[in-house]
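Trainee: after the sequence you'll find the predicted model.
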Amino acid sequence: MRVSTFLLAGATMAACLLSPTLRADGNETEVAAPAAAPAIAVAPAKGAVIGAWTQDLAAARQLASEQNLPILLNFTGSDWCGVCEHAEAAIFSRPEWATYAKKNMVLVTLDYPQDASRVPVEYRERNMLLQQEFGVRGYPTFVILDSDGKSELGRLGMGRGLEAPGFIQQVEEVLLYMPQRIEARAKALGDEGDAYKAAIAAAQRTSQVVNDLQGRMTRSDWAVKEKRMPFITARHEETLAKLALMDFSVRDEIAALESPEKQAQATSAWAEARAAHVALSEFLIQDPEQTQANMATFQTLNQAIMSRTQALQAALTP
């Protein structure tokens with residue numbers, strides 16, 4: 001996983017935390033039907049194939065178990081949700097996604113259309129129950145399950161400007177939490193294996209808190225300080241936990257560089273990018289008002305993250 005994914009995503013999140021009128025998770029989602037959007041193709045009702053969408057969750061679970069692959073649940077409004085249509089065009093119809101998915105994912109569509117005929121009768125009640133079970137409040141929502149078909153590894157939304165490469169990187173970040181990947185990585189780290197497992201556990205725990213709070217928050221809640229502060233605090237704790245986890249990935253990428261000069265450049269850039277990210281998170285946890293001075297502070301810290309991340313990318317490029 002490229003280390004820049006988390007850093008740049010965090011900067012985008014910071015912008016949203018300064019804007020109470022935006023959804024708290026920084027993702028574009030729709031919760032009610034707008035003007036009609038072009039309908040997404042209906043996924044097959046029966047059977048499952050690696051990398052191809054299906055509505056047959058039972059078949060998908062069996063395939064995932066047999067092949068030891070994760071499942072991506074796509075909660076969508078296929079014939080009315082404009083953001084869902086954008087996800088289809090910008091991510092799921094792209095060749096990069098097709099190549100990745102057919103090797104790595106079992107894909108399940110859980111549809112909530114205006115035209116009920118797009119979903120087989122036997123799946124309609126099931127879909128409503130799954131929406132409640134996973135606390136889905138808007139579309140699209142992407143939930144990634146482990147190969148057991150039940151354990152949630154993480155979830156994603158449709159961020160502004162997100163395209164196939166960025167989405168794949170976000171999926172890969174979530175897949176760090178697959179038990180078999182954790183065990184393999186910890187074994188490779190030797191004496192540091194336990195520290196790696198602890199970092200994974202902290203990242204999982206804080207992300208779950210954020211997801212739980214996010215699922216309960218409404219736009220009106222976001223306008224009330226007493227209601228938004230638990231979310232902002234949880235997001236700060238998640239940021240620190242994920243930075244600690246990223247330390248392992250960055251160190252590996254730096255160690256793989258052959259040039260001592262490149263290693264020094266990358267080490268310096270990571271330290272500066274990390275410090276800027278912590279500073280921005282500590283600034284946001286103060287719940288700053290949208291004054292000109294605060295916006296200037298935000299922009300300065302955000303620019304520091306962007307520039308140092310670009311420097312890190314450059315140093316890590318052979």
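Mentor: Noted; the coordinates are in hand.
Trainee: mind naming the longest helix for the chain?
Mentor: If you go by DSSP state H, the chain has its longest helix at helix 225-255.
Trainee: centroid residue for the protein?
Mentor: In the chain, the residue lying closest to the centroid (Cα atoms, centre = their mean) is L156, at 3.8 Å.
Trainee: what does the model give the residue nearest to it when sequence neighbours are not counted for pLDDT?
Mentor: Spatial nearest neighbour of L156, excluding adjacent residues (Cβ to Cβ, 6 or more residues apart in numbering): F142 at 4.4 Å. Placement of C-beta: from N, CA and C, glycine included. Looking at F142, its pLDDT stands at 97.
Trainee: can I assume F142 sits in a strand?
Mentor: Yes - counting by DSSP: H, G, I helix; E, B strand; the rest coil, F142 is part of a strand.
Trainee: can you tell me which residues contact it?
Mentor: The contact partners of F142, taken as Cβ atoms under 8 Å, 6 or more residues apart in numbering, are L72, L73, N74, F75, R155, L156, G157.
Trainee: circling back: averaged pLDDT, the longest helix of the chain. What do you get?
Mentor: On average, helix 225-255 scores 92.
Trainee: could I get the full set of helices for the protein?
Mentor: 4-17, 57-67, 82-87, 95-104, 121-133, 164-175, 179-189, 193-216, 219-222, 225-255, 260-284, 292-316.
Trainee: and the third one, what does it pack onto?
Mentor: In terms of contact count using 3 or more Cβ pairs under 8 Å, 6 or more residues apart in numbering; DSSP states H and E, helix 82-87 is assigned the packing partners strand 158-159.
Trainee: tell me the strands beside the strand it packs on, with direction?
Mentor: strand 27-28 (antiparallel) (DSSP bridges).
Trainee: ok so, going back, what is the nearest of the contacts of F142 to A255?
Mentor: Nearest to A255, judged by Cβ to Cβ, of those is L156 at 29.2 Å.
Trainee: model confidence for that closest one, exactly?
Mentor: Per-residue pLDDT puts L156 at 90.
Trainee: isn't it up against G166?
Mentor: No - assessed by Cβ atoms under 8 Å, L156 is found out of contact with G166, at 10.3 Å.
Trainee: tell me the contacts of the residue nearest to the centre of the chain?
Mentor: N27, T141, F142, I144, F167, Q170, V171, V174.
Trainee: now it: how far from A279?
Mentor: As judged by Cβ to Cβ, to the nearest Å, L156 and A279 stand 26 Å apart.
Trainee: okay, now the unreliable bits of the stretch 1-150 of the chain?
Mentor: Residues of the stretch 1-150 of the chain meeting the criterion pLDDT under 70: 1-39.
Trainee: 50 instead, please
Mentor: For the stretch 1-150 of the chain, the stretches with pLDDT under 50 are 1-2, 4-5, 8-28, 30-37.
Trainee: domains in this structure, as residue ranges please.
Mentor: 4-26+178-316, 28-159 (automatic domain parsing).
Trainee: follow-up on the earlier one: just name the most buried of the helices of the chain.
Mentor: Sort the helices of the chain by mean neighbour count, taking mean count of other Cβ atoms under 10 Å, and helix 82-87 sits at the top with a mean of 21.
Trainee: gap between that one and the chain center?
Mentor: Taking the mean of its C-alpha atoms, helix 82-87 sits 17 Å from the chain's own mean (Cα atoms, centre = their mean, to the nearest Å).
Trainee: show me the contacts for Q292.
Mentor: By Cβ under 8 Å, 6+ apart, the contact set of Q292 is empty.
Trainee: how much space is there between it and A304?
Mentor: Distance from Q292 to A304, by Cβ to Cβ: 19 Å.
Trainee: same question, A186
Mentor: Taking Cβ to Cβ, one finds A186 at 33 Å from A304.
Trainee: and what of K242?
Mentor: K242 is 18 Å from A304, by Cβ to Cβ.
Trainee: then L280?
Mentor: Distance from L280 to A304, by Cβ to Cβ: 8 Å.
Trainee: contacting residues for the residue lying closest to E96 once chain neighbours are set aside?
Mentor: With sequence-adjacent residues excluded and distances taken as Cβ to Cβ, 6+ apart, E96 is closest to A164, at 4.2 Å. Contact partners of A164, counting by Cβ under 8 Å, 6+ apart, are A90, I91, R94, E96, W97, Y100.
Trainee: from what I see, the first one and E163 are in contact.
Mentor: Yes - A90 is in contact with E163 according to Cβ under 8 Å; the separation is 4.8 Å.
Trainee: quick one on the thing from earlier: now do the longest helix of the chain against helix 179-189, angle only.
Mentor: 50 degrees (axes from the mean of the first three to the mean of the last three Cα atoms, to 10 degrees).
Trainee: surely I254 meets S268?
Mentor: No - I254 lies out of contact with S268 (Cβ under 8 Å); the separation is 10.4 Å.
Trainee: chain neighbours aside, what residue packs nearest to R94?
Mentor: Counting by Cβ to Cβ, 6+ apart, A164 is the residue found nearest to R94 once chain neighbours are left out, at 4.0 Å.
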